[in-house]
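J.: give me a model of this one.
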Amino acid sequence: MATRHLARTIILQSLYEWDFYEHKTDLPNIIERNMKEFGPGIDEPDFVWKIAKGVIENIKEIDEIIKRVAPEWPINQIAIVDRNVLRIGLYELLHADPAEVPPKVAINEAIEIAKNYGGQNSPKFINGVLGTVYRELEAKKPKEEVKE
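T.: Coordinates of the predicted model:
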C-alpha cells in the first residue's frame with residue numbers, strides 16, 4: 001500500500017472515531033494511536049498531521065460545501081465513513097498544493113478509500129460530490145489555466 005494511501009486511511013479511521021464520539025475525544029491522541037497501530041514506520045507522518053489538521057481547521061467550510069452540493073443528504077445523515085472521506089477529499093481539492101496532490105489524484109484516492117471502507121453506493125456518492133466541486137473549481141479558472 002502506498003504511503004499516502006495508508007496515511008489517508010489512518011486519517012479516515014481517526015476522523016471516524018472522533019466523529020463517532022461527536023468530537024468529544026482528543027483527535028491528536030487518536031491519530032497518534034492509529035499511526036502506531038496501523039502505520040508504524042510510515043515515511044510521511046507529517047502528511048497525516050497536515051491533512052488531519054487541515055480538515056479540522058476547515059471543517060465548517062467543507063461541511064457547508066457538502067450541504068450545498070448534496071442538499072438531499074443532511075450532513076448528520078451521511079454515513080460517518082462517507083462524510084469523512086468527503087472531508088478529506090474536499091480538503092485536498094480545495095487547500096492542498098495541486099503540485100503535491102493533483103485534484104484528480106485527490107478524487108481518485110477518495111473513491112478508492114470509499115470502495116474499501118464505505119458501503120456499496122459510497123464510491124458513486126463520493127465521486128458525484130467531489131466531481132461536482134472539481135467542475136465548479138475548473139469553471140472558475142481563467143480559460144488559459146484550464147488544461148485537460
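J.: can we go C-alpha only for contacts and neighbour counts from here?
T.: Will do.
J.: what about the helices in this structure?
T.: Counting by DSSP state H, one finds helices in the chain at the ranges 3-20, 27-38, 45-57, 59-69, 80-95, 103-117, 122-140.
J.: deepest of those helices, which one?
T.: helix 80-95 (a mean of 23; mean count of other CA atoms under 10 Å).
J.: got the contact list for the residue positioned nearest the centre of the chain?
T.: Centroid check for the chain by CA atoms, centre = their mean gives Ile88 as the closest residue, at 1.3 Å. Going by CA atoms under 8 Å, 6 or more residues apart in numbering, Ile88 touches 8, 12, 51-52, 55, 110.
J.: then Asp26?
T.: Contacts of Asp26 by CA under 8 Å, 6+ apart are Trp18.
J.: quick one: it and Pro142, what's the gap?
T.: 42 Å (CA to CA, to the nearest Å).
J.: look up how far Leu86 lies from Asp63.
T.: 9 Å.
J.: give me the low-pLDDT residue ranges for the chain?
T.: Filtered on pLDDT under 70, the chain yields the residue ranges 1, 144-148.
J.: go again using 90 as the cut-off
T.: 1-3, 40-44, 141-148 (pLDDT under 90).
J.: alright, that wraps it up for me.
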